[in-house]
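# Sequence and computational prediction follow.
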Amino acid sequence: MAMISSNAPSGGNKAQRQQQQQQQQQDEMESSTQESPLNPNAFTFDSPHPVYAMAFSPSPFAVASSCSAVAAASPRLALGSFVEEYGNRVDVVAFDEDALAFRPDPALSFDHPYPPTKLMFHPRPLPPLLASASDSLRLWHLGPETAELRSVLDNSKSSGYCAPLTSFDWNDEEPRRIGTSSIDTTCTIWDVERCAIETQLIAHDKEVYDIAWGQAGVFASVSADGSVRIFDLRDKEHSTIVYESPRPDTPLLRLAWNKVDRCYMATTMMDSDRVVVLDIRSPAAPVAELQRHRASVNAIAWAPQASRHICSAGDDGQALIWELPAAAAAGGSSEAAITAAPEGIDPLLVYTAGAEINQLQWSAAHHDWVGIAFSNKVQLLRV
Amino acid sequence: MCRAMDAGAIHEALSPKHLRKQLAATVRKIQWSYAIFWSPSTIQPGVLVWSDGYYNGDIKTRKMTQPMELKADQMGLQRSKQLRELYGSLSAGDNNQQTRRPSASLSPEDLTDTEWYYLVCMTFTFTLGQGLPGKAFTSNQHIWLNNAQFADSKIFSRSLLAKTLVCIPFAGGVLELGTTEQVLEDSALIKQITSFFWEMPKPVGSEKSVSSPQMDENDEYILCPNLDNDMDSSMALEEHDLRSDRQAASENDPTHLAFGLRSYAAAAEHAQPIQDKVEEPETVSPDDSSKVYCLTRPREDSFGTDGLNGISRTRNPRLGALNWNEYLPMPFVGAQRVVTSAKKEIISNQMLDGIEEGNYGTHNSLELDGDGSHYAKTIAVILRNSKPVSCFLTISCESSFVVWRRGLSTPKPFTGTPQTLLKKILSDRRRWLHGGHVEKAWRPDGETGGSDLLSERRREKLNEKFVVLRSLIPSISKVDKPSILDDTTQYLKQLERRVQELESCRETADVSGRDRRKQHPDVAERTSDNYIHKEITDGRKASANKRKARDMDEAEAEAEHEHHCVEVSVTMKEKEVLVKMHCPWREYLLLEIVESMSNLHLDPLSVQSSTVDGMLAMTVKSKLRSTTVASPGMIKRSLQRVIGKCL
C-alpha cells in the first residue's frame, strides 16, 4: 500500500516492474479481499464500517499512473461509511482487475462529517475531485499524496442550521453544475467553479429525495410528495410533473435518468418492490413496472453503455438486470403493447448477495462492473 | 428439402390425394381447430408419425402470394400447406438455405398461438400405446379428452393449448381432432365424424348431402359449395405435392421420415438458417444498436442465452429472432411449467457445452420428459436455428450474475423493516443531524455519550422536557439540569406557601368573584374546533363587552382584592393560541407577558391591547412553535403568574 503514495516513476525498467508486482502481491495478502465462496466472480471488500455511499471514479487519477499500467485501467471506488454520528469516513479503494484484488488507499481516505448521502467523482478524470453530501455539499481534492477539503458549499446564510442534503448529481455535460436535493423541499444548483449558488428552486411540496440531470440545463427530482418533476433552468417558473405515485403521497425515493436514451428515467417508491420506468414523452403512465423483487427496492442504475438495460437491487438481497422492451425504436404503437403485457417483464440476470443491498452503482468507465453495498461489504460484480 | 418433407408426409397417407381435403372437410364441418392424421411409420415400425393435417383455427397474418382472392376453404388448405412448409424450413437447417427460403411463404412471426401448437405437433411421434394417439391406436377405441391443457403429461404430452381432443382410430391410423373450445364427449359426433370421413366420396362435392341435421352449422352450406368451385386451384396445389412426392420417393435417407429426430439432428448440425431474417431488422435499427453490439463478446453458448432471452418475453423488434418470442410463450399462458422446463432444458444444454446431436436423439426416442422437454427442444431447435443474436448481456463464464428464471431459489423471505438504511439516509437525517449537536451540548453534564440510537432518542426527549420545566419556573437562571431541579423544588415550596395563603383569603372572597373564576377554566381549556379568523375579530368585540362589564364590577368592588379582577382565557386550536387577558396595568407588564409567552414557545402574531382606568385589556394571537410544550392550562397559569407579580 505504501507504493500508492510512492512516486516511483513508471519507467520501462523491468526489475522495477517485477518489484512492483511483488509488492502488489503483498498488497493482495494485506488487503481484505476475499472471493465469495458461492460466486468466484464477485469480489468482496470488507469495510470496517457499514457502507452506504459509493462512487466509481470516471477513470483513474493521475496518481495512479505512478503505480503501473494495470492500475491505470482499474476501477476505483470511493466508499462512504454510515455511522449514525458525526464522525464518518470516506475510503478510496482501487480494484486491480488483473490480480482481482482490492487495494485500499489510506492516503486518500479522509474523515467526513456525518455519513455522506452520496459520493460522486467529477465527471471528467481531471481535476481529481470528489463531491460528497451530508449536511452540506463538500468538494474534496484527491491529490497524489493526500485528500484535502477544497470547499464547503453551504447555503445556510444566517443560522448555523442547514437542511440536510438527501442527494446530489453532478452534471456530466456541464461539470460546473451540481444540483443538490434537500429535505427543505428545495433543489439548489451550484456553480462549482465559483462556489456560488446558481439558483435555488422550491421544487416540491415535501422533502426532495433525489435529483438527476438529464441535460446541461434540465434536471428531474423526486420527493416525499410522490411526484417526479422535470425542471428546465431556462424557465425556472415552471416544472413538469412526469409521474405521480399511484397512491397519493407515497414518497418516491430514488431517481435514475438513462444517460444513453434520455427519454427514459426510473424511480422507486417507499416500501415498494417495483421499479417504475418512465418515458418523459408520455408522462401519463409508466412505460414499464419491473416487479420481480421479493422485497423493497433500494437502488437502481441504468447501464452506462446500453439504452435499455437497468439494474436494480433491494432488500431481498438480489441485484437484477433487466432488458426493457425496445419501445423507443418502434415508436408509440408498440409501447402500448408493452405496457399491456399482463405478466410483466422478467429480468435477464440475477445476482444474490444474501443481505439487503443498500447501494448499487454501475461503473461508467468500466461497463462490465457493477458495485453493490450491503452491510459493511462492498462487492464488485462482473456483468 | 421441405418439398421432400411434404412429400414424405403425404407418402405415408392412405389416400394422399384426398387425405388433406378429407381432413379439411371434416374439421370444418364440426368447426374445430385442427385435424391431424397419425399413421404408422413405414421406416420405424410401431411408431405413429404425422401423416397429414388441416389447420382450421385462427390465422394471424395471411401472406398473399397470389393477388387473387382465395376462398375460405382453399385458404385453409393453403395455410396448412404453408405451415407444413414453415415447419420444414425451420427444422431443416441451412443446407439449401438460399433455395429453400422463398418457398416458405410464412415466417414464424405470422403465426397465432394455435398455429404454433399445430406446428409443434408435427414434431411428435408416438410409439404404440404411448400418448393419446398411440393409446387410441392400440386400444382401437376413440379417446375423448377434455381440459387437455390441464392433463397430466403422461396422458397427453402436448398439453398446451387445445382444450378438447379426440383421437379416433381408423383406417390404419389415428385421426386426431382438437379445438380450443370446451366440448363435452358426444359419441354421436364421433360416429358422425367417422362416417362422414368414410362416406366422403372422391373429391368433396357431395358433402352437402351428408351434413347432419343435429349440427347447427349454417356456415357449412356456404363453405362446401366453395370447395367445389375452387377445386381447380387446389388441384394445382396437389399437383405440386405429387411432384415433390416423386422426389421424396427417390430419396432413401431415413432421417427424412422421423421428423423429430431429424429436426434435432439438423439443428445441431446446421446453424443459422434464418440468419437473413435476423439481419433485416438489424440494419433498419438506426442508432444505438451498434453501441450495444460493439460490446458483445460472441460466444459459443450464446445460443442458449438467446433462447432464454426469448422465452423470458423480451420482445425486441431490433433483434429479429426475438420477434418470434412474442409468440413463443403465448401458448403456455396456462401451462407455465412448460416454459420453465423449457428454460431448464436450455440451460442444461448450455451447461453441457452446446447441444449435441446425440442428446436429442436419445431424448426424442425416450420421450420420457413429456412434452416439456419435447417442446423445449423444438423451441431450442427453432431458436438455435436463428442467428445467435448478440445481446450485450451474453453470459460469460466470468459473470457474477446468473440467468434469472421464475422460481429461482431465493434466500429466506425478507422480514425486516424495508429500506431501513435508505430511509435513515433520507428521512431521519434531520433528527440525527440535530441529535449530534444536542448530544455534544449535554455531554459535559455527565450524560453517557455513545452512539446508541435509543439512548440518544431518550436523552433528546428528556432534554425537551427539561426545557418545558425550565419555562415554567420563573426564577431559573442557569440552564444545567441540577440547577433546574433545584429551582423547581424552591418554586414548588413557594407555591405551596402561596396556596395556603390564598386558601385563607378565600374565606373572605365574595361569591360573584368566585363564580366568575370558576368559569375560567372552562373557557380556558376549551379547544375550539372551528376556530377561524372571524372569531378573532369578534373576539375584540367580546372583550370590549367584557371590559364594560368589568368596569361596572370594578366600580362596585373597588375595595376588593385586586387580583380578583384578573381574567385570563386561553383558547388553542392546533398550533394557534388565542389569549385574552384583563388585568390591572403596571409597568413592564406587556413586556413581561410577551416574554413569558416566548418562554412557552409562543410566537405572538398579533397583539391588541388597551388600557382604561388602569386596567389592561389584551388579546394576543400567537403561534405555538413546538408541538409538545404547552397546554392551554400551562399558558394560563404562566400568564397569571406574570400578572400576579405585581400584587
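Received it, and whenever you're ready, just let me know what you need.
# C-alpha only now, for contacts and for neighbours.
Will do.
# the strands in the stretch 501-647 of chain B, which residues?
B:567-573, B:576-584, B:602-612, B:615-624 (DSSP state E, counting those that start in this stretch).
# Can I get these in CSV including mean pLDDT, mean neighbour count and distance to chain A?
As requested, the strands of the stretch 501-647 of chain B are exported to CSV (pLDDT from 0 to 100; neighbours: other C-alpha atoms under 10 Å in any protein chain shown; distance: least, C-alpha to the nearest C-alpha, whole Å):
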stretch, mean pLDDT, mean neighbour count, distance to chain A
strand B:567-573, 81, 23, 24
strand B:576-584, 83, 22, 22
strand B:602-612, 82, 14, 18
strand B:615-624, 83, 21, 20
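# Dump these into a markdown table; add distance to residue A:318 as well.
Shown next, in a markdown table, are these (distance: least, C-alpha to C-alpha, whole Å):
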| stretch | distance to residue A:318 |
| --- | --- |
| strand B:567-573 | 49 |
| strand B:576-584 | 49 |
| strand B:602-612 | 51 |
| strand B:615-624 | 47 |
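# Which strands border the strand or helix carrying residue A:112, and is each parallel or antiparallel?
Here residue A:112, judged by DSSP states H and E, is contained in strand A:110-113. Looking at strand A:110-113 with DSSP bridges, its partner strands are strand A:87-96 (antiparallel).
# Okay, buried residues for the strand it pairs with please.
For strand A:87-96, a neighbour-count test (16 or more other C-alpha atoms under 10 Å in any protein chain shown) marks A:88-96 as buried.
# next SSE after that strand?
Proceeding N to C from strand A:87-96, the next assigned helix or strand is strand A:101-104, under DSSP H and E.
# From residue B:55, how far out is the closest residue in space to residue B:181 that isn't next to it in sequence?
Counting by C-alpha to C-alpha, 6 or more residues apart in numbering or on different chains, residue B:181 lies nearest to residue B:163, which is 5.9 Å off, once chain neighbours are set aside. Residue B:163 sits 16 Å away from residue B:55, going by C-alpha to C-alpha, to the nearest Å.
# And the two? Which one has more around it.
Neighbour comparison, residue B:163 and residue B:55: the larger count goes to residue B:55, with 28 against 19 (by other C-alpha atoms under 10 Å in any protein chain shown).
# so who does the more buried one touch?
Residue B:55 sits next to B:24, B:33-35, B:76-77, B:79-80, B:115, B:118 when contact means C-alpha atoms under 8 Å, 6 or more residues apart in numbering or on different chains.
# go with 7 Å
B:33-35, B:76, B:80 (C-alpha atoms under 7 Å, 6 or more residues apart in numbering or on different chains).
# pLDDT wise, what is it at?
Note on residue B:55: pLDDT of 78.
# Residue A:131 too?
pLDDT, residue A:131: 94.
# Skipping adjacent residues, who's closest to it in space?
Take residue A:131 and drop its neighbours on the chain: the residue closest to it by C-alpha to C-alpha, 6+ apart is residue A:139, 4.5 Å away.
# After the helix or strand encompassing that neighbour, which helix or strand is next?
Under the criterion of DSSP H and E, residue A:139 resides in strand A:137-142. Beyond strand A:137-142 in the direction of the C-terminus, DSSP H and E gives the next helix or strand as strand A:147-153.
# helices or strands next to the top helix by length along chain B in the packing?
Assignment by DSSP state H gives helix B:481-506 as the longest helix of chain B. Of the remaining helices and strands, none touches helix B:481-506 by 3 or more C-alpha pairs under 7 Å, 6 or more residues apart in numbering or on different chains; DSSP states H and E.
# 8 Å instead?
Helix B:481-506 sits against helix B:453-472, with contacts defined as 3 or more C-alpha pairs under 8 Å, 6 or more residues apart in numbering or on different chains; DSSP states H and E.
# okay, the angle between the helix it packs on and helix B:481-506?
Here the directions of helix B:453-472 and helix B:481-506 differ by 40 degrees (axes from the mean of the first three to the mean of the last three C-alpha atoms, to 10 degrees).
# what are the C-alpha coordinates of helix B:453-472, in CSV please?
The C-alpha trace of helix B:453-472 is given here as CSV (Å, rounded to 0.1, in the frame of the first residue of the first chain):
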residue,chain,number,x,y,z
LEU,B,453,-29.6,5.5,19.0
LEU,B,454,-32.2,4.6,21.6
SER,B,455,-30.5,6.3,24.4
GLU,B,456,-29.9,9.3,22.2
ARG,B,457,-33.6,9.5,21.5
ARG,B,458,-34.5,9.1,25.1
ARG,B,459,-32.0,11.8,26.0
GLU,B,460,-33.5,14.1,23.5
LYS,B,461,-36.9,13.6,25.0
LEU,B,462,-35.6,14.3,28.4
ASN,B,463,-33.9,17.4,27.3
GLU,B,464,-37.1,18.6,25.7
LYS,B,465,-39.0,18.1,29.0
PHE,B,466,-36.3,20.0,30.9
VAL,B,467,-36.8,22.9,28.6
VAL,B,468,-40.5,22.8,29.4
LEU,B,469,-39.9,22.6,33.0
ARG,B,470,-37.5,25.5,32.9
SER,B,471,-40.0,27.6,31.1
LEU,B,472,-42.5,27.0,33.9
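# do the helix or strand containing residue B:116 and chain A meet at all?
Using DSSP H and E, residue B:116 sits within helix B:113-121. No: applying C-alpha under 8 Å from any C-alpha of the partner chain, one finds helix B:113-121 separated from chain A by no less than 15.7 Å.
# Kindly state the pLDDT recorded for the nearest residue to residue A:352 once chain neighbours are set aside?
Leaving out its chain neighbours, the residue that sits closest to residue A:352 by C-alpha to C-alpha, 6+ apart is residue A:318, at 4.5 Å. For residue A:318, the pLDDT comes out at 90.
# residues contacting residue A:318?
Applying C-alpha under 8 Å, 6+ apart to residue A:318 gives the contacts A:293, A:350-354, A:356-357.
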